[in-house]
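Colleague: with the sequence up front, the predicted model follows.
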Amino acid sequence: MQPRKVLVVDDSKLMHKMYEVMLRQYPLVYALDGRQALDRLQEHADIDLVLLDINMPNMNGLEFLAEVRSNGARKDLAVIIISTEGREEDTQRGLEAGASAYIKKPFHSEDILEKIAQLERGPGA
Amino acid sequence: MPGLELVAELRATLERVGELARVVELNLREAAAGSGSGSADERAQELERRLATAESDVKELASRLVDSEHQGGRLMNLYVATYQLHATLDPAEVQATIAEIAINLLGAEQFILLLRKDEEEDYEIALIEGMYDGLQAPYDGESYTAGDPMVDATLTDGVLRLGPTPESQALAAVPLRVQNDIVGALVLLKLLDHKPILRAEDRDLLDLLSAHAASALFAARLFATKDRKLRTLESLVKLARGE
């Protein structure tokens, strides 16, 4: 199922612009850190995909993810971590924390679009 | 974006070719099932030839699709980097954008931004990123005069150089230009572990930084200086008027 709204969580305005250009087909909402992202989730009940950076001020991506996963109300929220943290244990930690996928920066736009397409097709598709 | 339209067109063409291949394959199977006469054999051979041609076209188009997607990605990176460098007149934001391009688009882990000081020979170390184990010579002072032969050569002749070399640990020394004047350099010292080398497409970004980063930064600094002076003058005028 196509995401109704996508939340971009990254402290880089450059990355916000990148997602704006790359994902023109989706309505986007932006946050600069995990705390803002929690607020955006409250404000927009129709967000069903999050593109999440890890290294951010105030509340990092993994803290945000833990907060979201501890809240049963958003269990179905798909989260793709997109981070410069590229070690295998970083990927493992992200997936164990509840991310649907993990992409390393720098990335090719096809990497993101393919992951979103996979999520749209659903598990096992 | 023209690149995206091209990709969409290629996708549609690929689908059409795939459909053609299915039709040809179906005809081929039907022909094989009804074989027995000479003309049926000839028809089957003809259909096989057409199928082979269609399959070859599919491969060619798939390869062009991949190339187009990469090209679209490269153009998008360049567009976004240029847009963001010139999106603000705040010097700190421009500097942050240079760092974000280096980290997020080039995959740099350690880098240094050198900017020439006014009326002086040495360079201000305007930005240091990723040197968490302490600064190493020749970047451990308040400013940079000389010390890395590759960087020194780039600061002298304005040529973008890629390393490392026997004399230099730097992976790239990117000259920063304002018109024809070399006003500094971006020195890449280390990439992220999962980005082993600078790729061909990174060269476009390095060229873009060379041409745009310094002019964006200097325009922002100039604006900030003029804005400060303007405010001071306005305050003086108000004071003189007794407001």
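Modeller: Sure thing, it's come through. Numbers count the residues shown, from 1 in each chain, chains lettered A, B, ... in the order given.
Colleague: C-alpha only now, for contacts and for neighbours.
Modeller: Fine.
Colleague: and the lengthiest helix in chain B, what does it pack onto?
Modeller: Counting residues, the longest helix in chain B under DSSP state H turns out to be helix B:38-85. Applying 3 or more CA pairs under 8 Å, 6 or more residues apart in numbering or on different chains; DSSP states H and E, we find helix B:38-85 packed against helix A:13-22, helix B:2-33, helix B:91-100, helix B:200-241.
Colleague: could you give the separation of the last one from the chain centroid?
Modeller: In this view, helix B:200-241 has its centroid 23 Å away from the chain centroid, taken as CA atoms, centre = their mean, to the nearest Å.
Colleague: cool, the first one as well?
Modeller: Taking CA atoms, centre = their mean, one finds helix A:13-22 lying 13 Å from the centre of the chain it belongs to.
Colleague: contacting residues around the closest residue to B:A108 other than its chain neighbours?
Modeller: Leaving aside its chain neighbours, B:A108 sits nearest to B:L191 (4.2 Å; criterion: CA to CA, 6 or more residues apart in numbering or on different chains). If a contact means CA atoms under 8 Å, 6 or more residues apart in numbering or on different chains, then B:L191 has B:107-110, B:197 as its contacts.
Colleague: closest to chain A among those?
Modeller: B:G107 (5.6 Å; CA to the nearest CA).
Colleague: need phi/psi at that closest one.
Modeller: B:G107 adopts backbone torsions of phi 80, psi 30, taken as degrees, to the nearest 10.
Colleague: which residues sit in contact with residue 106?
Modeller: Going with chain A. A:84, B:103-107.
Colleague: hm, I was asking about chain B
Modeller: Residues near B:L106 by CA under 8 Å, 6+ apart: A:106, B:198, B:202, B:205.
Colleague: of the residues you listed, grab the buried ones for PyMOL.
Modeller: With 16 or more other CA atoms under 10 Å in any protein chain shown as the criterion, this PyMOL line picks the buried residues out of the contacts of B:L106:
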select buried, (chain A and resi 106) or (chain B and resi 202+205)
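Colleague: B:E30: which of the contacts of B:L106 is nearest?
Modeller: Proximity of the contacts of B:L106 to B:E30 (CA to CA) peaks at A:P106, which lies at 50.1 Å.
Colleague: and the closest one, what pLDDT?
Modeller: Looking at A:P106, its pLDDT stands at 95.
Colleague: can I get the contacts of A:P106 in JSON lines with pLDDT, secondary structure and distance to A:D11?
Modeller: Compiled in JSON lines, the contacts of A:P106 are given as follows (pLDDT from 0 to 100; DSSP: H, G, I helix; E, B strand; the rest coil; distance: CA to CA, whole Å):
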{"residue": "A:T84", "pLDDT": "96", "secondary structure": "coil", "distance to A:D11": "13"}
{"residue": "B:I103", "pLDDT": "97", "secondary structure": "helix", "distance to A:D11": "13"}
{"residue": "B:N104", "pLDDT": "96", "secondary structure": "helix", "distance to A:D11": "11"}
{"residue": "B:L105", "pLDDT": "97", "secondary structure": "helix", "distance to A:D11": "15"}
{"residue": "B:L106", "pLDDT": "97", "secondary structure": "coil", "distance to A:D11": "17"}
{"residue": "B:G107", "pLDDT": "97", "secondary structure": "coil", "distance to A:D11": "16"}
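Colleague: list only buried entries from the residues you listed.
Modeller: Applying 16+ other CA under 10 Å to the contacts of A:P106 flags A:84, B:103-107 as buried.
Colleague: SS state for the residue nearest the centre of chain A?
Modeller: Centroid-nearest residue in chain A, with CA atoms, centre = their mean: A:L51, separated by 2.0 Å. Following DSSP: H, G, I helix; E, B strand; the rest coil, we place A:L51 in the strand state.
Colleague: ok, now how distant is it from B:P138?
Modeller: Distance of A:L51 to B:P138, given as CA to CA, to the nearest Å: 39 Å.
Colleague: equivalent analysis for B:I101, please.
Modeller: 24 Å.
Colleague: over to B:G73?
Modeller: 36 Å.
Colleague: now A:K13
Modeller: 32 Å.
Colleague: neighbour count for the two, which is higher?
Modeller: Neighbour tally, A:K13 and B:P138, criterion other CA atoms under 10 Å in any protein chain shown: the higher count belongs to A:K13, 17 against 12.
Colleague: what's the closest non-adjacent residue to B:Q95?
Modeller: Counting by CA to CA, 6+ apart, B:Q95 lies nearest to B:L217, which is 6.9 Å off, once chain neighbours are set aside.
Colleague: just A:K17 next, same as before
Modeller: B:V80 (6.4 Å).
Colleague: helix, strand, or coil at whatever residue of chain A ends up closest to chain B?
Modeller: Using CA to the nearest CA, the single residue of chain A nearest to chain B is A:P106, 5.2 Å away. Here A:P106 is coil, with the state taken from three-state DSSP.
Colleague: do A:V6 as well
Modeller: Per three-state DSSP, A:V6 ends up strand.
Colleague: what does chain B have sitting close to chain A?
Modeller: B:69-70, B:73, B:76-77, B:80-81, B:84, B:97, B:100-101, B:103-107, B:192-194 (CA under 8 Å from any CA of the partner chain).
Colleague: now do B:E30, the pLDDT please.
Modeller: On the pLDDT scale, B:E30 gets 75.
Colleague: thank you, goodbye.
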